[in-house]
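Trainee: Build the 3D model from these lines:
(2 chains)
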There are 2 protein chains.
Amino acid sequence: MTQRYRVTVAYDGTDFAGFQSQPNQRTVQGTLEKALMKMSKGEAVAVYGSGRTDSGVHAYGQVVHFDYPKLLPATSMLRALNSLLPLDMEVVDSQLAAPDFHARFGTSGKRYLYRVDLGHYTNPFKRRYTGHYPYPIDVSRIQAAMPDVMGTHDYTSFAASGGVIKNKVRTIYDATVEYDESANELIFEFYGNGFLYNMVRILVATLLEIGNGRRDVHDFLRLYEVKDRQEARSTAPASGLYLKEVYYKTDENN
Amino acid sequence: MTQRYRVTVAYDGTDFAGFQSQPNQRTVQGTLEKALMKMSKGEAVAVYGSGRTDSGVHAYGQVVHFDYPKLLPATSMLRALNSLLPLDMEVVDSQLAAPDFHARFGTSGKRYLYRVDLGHYTNPFKRRYTGHYPYPIDVSRIQAAMPDVMGTHDYTSFAASGGVIKNKVRTIYDATVEYDESANELIFEFYGNGFLYNMVRILVATLLEIGNGRRDVHDFLRLYEVKDRQEARSTAPASGLYLKEVYYKTDENN
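Mentor: I've put the predicted structure just below:
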């Protein structure tokens, strides 16, 4: 008898070699599995995430599921994990889940956030938590381009090569940019039904080049057509990217 | 012929073993001296700071001076250092200084800031940059105590033992506390003519105990009298402390 749990974790991705377990590497999945094995007195518990995050990418709300050999109240699971996890990872929600809940296959959408520091110099307190673009930016150009980012498109130009996924059509329901004057930062948000490998980071890099004037405001329309990764050259750094929220079909049916 | 420089540096103290050079340790002073030695093609340049900061303590405005073997414009010094320094340290100001300017002996005062996260759980994104107090706090009790912190007092109860400094009388010109609701943080600031070893961290720990109700609101008055470090037991963690600004007598005469 096992009980399935749905657990939401926040982490500072800087010191993790990404989400996925790898031998001799400190990963998010591996760290969770180690804590669960400790709790279960040595029994291995496999953790499944909503998707991988790369090294340096953060999460406010990564969702995972796992089957635990004992029935614990959801709040006890949260407290037990937090007492065992390192300080750069925190369980922010814990729920008992149905046996068919799946953190990856049950998703209906995800929301990502990207922070760009526009300061002239690198800020020692932001280097782990933002991208950095020290060049002139016209925010109104980026705002004019945001509607082009939304909708259903073939995002081949915005996917890192080497992926095994053939269908590169995705829908972005909402894409916004805000300028935070006190922090001198641009804050991007993207909410869509799915994202290709490195897609948010390539979108952000392209939008920054539009803001800088190095690309036409409506260059997205051309990039959708050409379907060529070489045309959207740059990738914004991992440090600015946050998996903010994961949405599930089952939640919508409630 | 050497030229004296006055340079202001910001740093994230988390990954430094404090300010002062130590063999086989990554320190602020050692990192600056290494960069300067590279610039001067191997000639050793000694760096003097306004004072030491402990491991984990941050700075927005630590001031140092050094004598450089060549005359460089101040902005070139800033740019050259920033191109050589690691990302958790940044030169924010650079000036040519008079030969008798001294970063330590010329100070007239310092301003420290202390951030306390009041969240229930440790926040993975704040653990390097705040202290953490997850217990009930009545901010009005701390506000009522702040006037007692100001003025000229013998701070023996608030100095880590083991120091060589005999005279423990200091003047705090201003001490404030603010509650930042969106961040759920308390922000303390202390501006004084000088601070004893660990003094700000002990003051903050004592103020938090007052806010929690474990100490009388006016316990400072008793603690000044007893002159006993054992009475002000706790020390707030280094991670919340920032050396914000250093003031100089010479600047006031201008």
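
Trainee: now for the worst-scoring helix or strand of chain A on mean pLDDT, which elements pack on it?
Mentor: None of the helices or strands of chain A scores lower by mean pLDDT, DSSP states H and E than helix A:249-253, at a mean of 79. Helix A:249-253 sits against strand A:107-117, with contacts defined as 3 or more CB pairs under 8 Å, 6 or more residues apart in numbering or on different chains; DSSP states H and E. Where you see a C-beta, it was placed from the backbone N, CA and C, and this is true even at glycine.

Trainee: now check the next helix or strand after the strand it packs on, is it near chain B?
Mentor: Under the assignment DSSP states H and E, the closest C-terminal helix or strand after strand A:107-117 is strand A:131-132. No. Interface with chain B: strand A:131-132 contributes nothing (CB under 8 Å from any CB of the partner chain), its closest point being 9.5 Å away.

Trainee: now what about strand A:131-132, what contacts it?
Mentor: A:114-117, A:119, A:122, A:126, A:204, A:236-237, A:239-241 (CB atoms under 8 Å, 6 or more residues apart in numbering or on different chains).

Trainee: Can you select the buried ones from the residues you listed in ChimeraX?
Mentor: The buried residues among these can be selected in ChimeraX (16 or more other CB atoms under 10 Å in any protein chain shown) with this line:
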select /A:114,115,116,117,122,126,204,236,237,239,240,241
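
Trainee: Quick check: buried residues in the longest helix along chain A?
Mentor: As assigned by DSSP state H, the longest helix anywhere in chain A is helix A:199-212. By neighbour count with 16+ other CB under 10 Å, helix A:199-212 contains the buried residues A:199-211.

Trainee: For chain A, which residues are neighbours of chain B?
Mentor: Chain A comes close to chain B at residues A:10-12, A:58, A:82, A:87-90, A:92, A:121-125, A:127, A:129, as judged by CB under 8 Å from any CB.

Trainee: any chance you could map the strands in chain A?
Mentor: Using DSSP state E, the strands found in chain A span residues A:3-11, A:48-49, A:58-68, A:89-96, A:107-117, A:131-132, A:151-154, A:169-180, A:185-192, A:241-248.

Trainee: what would the ones you listed look like in a markdown table with mean pLDDT?
Mentor: A markdown table is the format used below for those (pLDDT from 0 to 100):
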| stretch | mean pLDDT |
| --- | --- |
| strand A:3-11 | 98 |
| strand A:48-49 | 97 |
| strand A:58-68 | 98 |
| strand A:89-96 | 97 |
| strand A:107-117 | 97 |
| strand A:131-132 | 96 |
| strand A:151-154 | 96 |
| strand A:169-180 | 97 |
| strand A:185-192 | 98 |
| strand A:241-248 | 98 |
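
Trainee: Using CSV, please lay out the ones you listed together with distance to B:I137.
Mentor: Formatted as CSV, those follow (distance: least, CB to CB, whole Å):
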stretch, distance to B:I137
strand A:3-11, 23
strand A:48-49, 36
strand A:58-68, 25
strand A:89-96, 21
strand A:107-117, 29
strand A:131-132, 35
strand A:151-154, 48
strand A:169-180, 28
strand A:185-192, 29
strand A:241-248, 28
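
Trainee: Could you give the separation of stretch A:68-81 from the chain centroid?
Mentor: 25 Å (CA atoms, centre = their mean, to the nearest Å).

Trainee: And it, end to end?
Mentor: From its first residue to its last, stretch A:68-81 covers 12 Å (CA to CA, to the nearest Å).

Trainee: Also stretch A:149-165?
Mentor: 21 Å.

Trainee: and it, how far out from the chain's middle?
Mentor: 16 Å.

Trainee: For it, buried residues please.
Mentor: Those would be A:149-150, A:153, A:155-159, for stretch A:149-165 by 16+ other CB under 10 Å.

Trainee: How about stretch A:76-94?
Mentor: In stretch A:76-94, counting by 16+ other CB under 10 Å, buried: A:77-78, A:80-82, A:84-86, A:88-92, A:94.

Trainee: which two in the residues you listed are spaced the farthest apart?
Mentor: A:M77 and A:D88 (19.8 Å; CB to CB).

Trainee: quick revisit: nearest to B:N167, of the strands of chain A?
Mentor: Closest to B:N167 of the strands of chain A, according to CB to CB: strand A:107-117, at 43.5 Å.

Trainee: Give me the sheet partners of the closest one and which way each runs.
Mentor: strand A:131-132 (parallel), strand A:185-192 (antiparallel), strand A:241-248 (antiparallel) (DSSP bridges).

Trainee: Pull the residues that contact that strand.
Mentor: By CB under 8 Å, 6+ apart, the residues outside strand A:107-117 that reach it are A:50-51, A:60, A:123, A:126, A:129-133, A:173, A:183-195, A:200-201, A:204, A:208, A:236, A:240-249, A:252.
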